[in-house]
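> Here you go, sequence then predicted model.
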Amino acid sequence: MTPTSYFFRVEHDLLRSEAFKTLGGSAIKVYLVIGLYSDFGTDWAYPSIRTIASQAGLSRQTALVAIEQLTQMGLLATHKAKGRSTAYRIIRQAPQRPLRSASHSAKRAEGPVKTGLISLEDTSQSGPISLEDASAGGLKSEPVPAQSVGLTGHEGRPEEECIPKEDTTSIPIPGTPFRLTAEGRLLVAVDLQELLTNQGIPGQLAERLVAQKDPEAVAKVLLNAFYLQSQGKLQNGPGYIRAGIEDGYELLPQVASRLEVRRRELEAQLRRIEVQQRQTREARDQAAEQAAITYMLEHLDPKEIDRLLEQALRLLPEPIVRRNPTLSNPFVRGKVYELACGEPKD
């Protein structure tokens, strides 16, 4: 299946604003990366600092500085709750005027920036594939701070946030606080009760639904609702969500197919990681073996080395040693090491 292009809208007024003109290249890249991960209905995004830095091609510290600059310029809002990772909200409207404190650290943008729609192809190994543009529909949308699956930072500014352990066993479903495993299971990384209330479900009903239903079943219904909203086919979001959870709705075929594409990408990513790990182990073992051979040759008596070399040349196939019958030949070195480590022969 051919990957799909997705779009992150940047308003013309924002690009013409004084705040945007004072941004440096790093801040612009961070703004676009967070926009790529943002929910189309709420503009809230939940990527980790590590993900933002990796996608933007920046160091973690540079990404943090860019986030602070964007916040000071009024182009980004952040929300940090105790026990949860930082959530970011993209501000699409141009601020009336930049904060004065931000102008001291801002650098000029590096090169021109195109206006209008910006196409953001998913070309990274761990980047997102959004379900749909969820800008239309009837779901009530409020900021939903994501709860980190890994380590969490202290409450406060993003600079104080700890780096969560990289999760390579699941992959995010962008625009949602859910992840998908290679087995096709949905993982929930937020307070589901709070998420349901933010979608218009009364608090007591949300509490009861979360207590009675499996989190994965709730996530399936919410993914269906997000998709229907993006298609403009959902008139009563809270009613659909309640009925779907109580009756155990399965994933819609359109949603299931998109998740299957994402699951296959995760499988491919895991295979790449496995190959890289195997190659790393092999390289490490080879380096250790070469270090052991070098150490042995440096500490053997020269006469003993000559004896072992002569013996190795007799034992090795003639085509292997014909052109280079010396210790610089890796086959010869290996055989000498093998003989030196074995039982001495007369």
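Received, thanks.
> surely Leu251 meets Leu222?
No. Leu251 is not in contact with Leu222 according to C-beta atoms under 8 Å; the separation is 10.7 Å. The C-beta positions use only the backbone N, C-alpha and C, and glycine is treated the same way.
> what about those two, which has more around it?
Neighbours were counted for Leu251 and for Leu222 using other C-beta atoms under 10 Å; Leu222 has more, 24 against 19.
> which helices and strands sit right next to whichever helix or strand the more buried one is part of?
Leu222 belongs to helix 215-230 when assigned by DSSP states H and E. Packing contacts for helix 215-230, counted by 3 or more C-beta pairs under 8 Å, 6 or more residues apart in numbering; DSSP states H and E, involve strand 178-181, strand 186-188, helix 192-198, helix 237-247, helix 253-299.
> Sort out which residues of stretch 219-235 are buried, please.
Across stretch 219-235, burial judged by 16 or more other C-beta atoms under 10 Å covers 219-230, 234.
> Tell me the one of these nearest Glu274?
Distances from Glu274 to the buried residues of stretch 219-235, taken as C-beta to C-beta, are shortest for Ala219 (27.6 Å).
> Tell me who's in contact with the nearest residue to the closest one once chain neighbours are set aside.
What sits nearest to Ala219 in space, not counting adjacent residues and going by C-beta to C-beta, 6 or more residues apart in numbering, is Leu186, at 4.4 Å. For Leu186, the contact set (C-beta atoms under 8 Å, 6 or more residues apart in numbering) comprises 173, 178-180, 215-216, 219-220, 223.
> just those now: which is nearest Leu76?
Using C-beta to C-beta, Ile173 comes nearest to Leu76 of the contacts of Leu186, at 22.3 Å.
> The closest one: neighbouring residues, count only.
Neighbour count of Ile173, defined by other C-beta under 10 Å: 23.
> Excluding chain neighbours, give the residue nearest to it in space.
For Ile173, the closest residue by C-beta to C-beta, 6+ apart turns out to be Leu180, at 5.8 Å.
> name the helices or strands packed onto the helix or strand harbouring Gly35?
According to DSSP H and E, Gly35 maps onto helix 25-37. In this structure, helix 25-37 packs against strand 6-10, strand 44-45, helix 49-56, helix 60-72, strand 87-90, strand 116-120, with contacts taken as 3+ C-beta pairs under 8 Å, 6+ apart.
> how about TSV for those, with distance to Ala19 added?
Below are those laid out as TSV (distance: least, C-beta to C-beta, whole Å):
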stretch	distance to Ala19
strand 6-10	13
strand 44-45	19
helix 49-56	19
helix 60-72	9
strand 87-90	14
strand 116-120	18
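> Dump the ones you listed to CSV, plus mean pLDDT, mean neighbour count and distance to Leu209.
As requested, those are arranged in CSV below (pLDDT from 0 to 100; neighbours: other C-beta atoms under 10 Å; distance: least, C-beta to C-beta, whole Å):
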stretch, mean pLDDT, mean neighbour count, distance to Leu209
strand 6-10, 61, 18, 31
strand 44-45, 82, 24, 22
helix 49-56, 87, 21, 30
helix 60-72, 87, 21, 35
strand 87-90, 84, 22, 23
strand 116-120, 29, 12, 35
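> closest to Val336 out of those?
Closest approach to Val336 among the helices and strands packed on helix 25-37 is made by helix 49-56 (45.4 Å; C-beta to C-beta).
> Pull the distance from that closest one to the chain's centre.
Centroid displacement of helix 49-56 relative to its chain, using C-alpha atoms, centre = their mean, to the nearest Å, is 8 Å.
> That one packs against which elements?
Checked by 3+ C-beta pairs under 8 Å, 6+ apart, helix 49-56 has helix 25-37, helix 60-72 packed alongside it.
> JSON lines for the ones you listed, including distance to Leu205?
Output for the helices and strands packed on helix 49-56, formatted as JSON lines (distance: least, C-beta to C-beta, whole Å):
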{"stretch": "helix 25-37", "distance to Leu205": "30"}
{"stretch": "helix 60-72", "distance to Leu205": "35"}
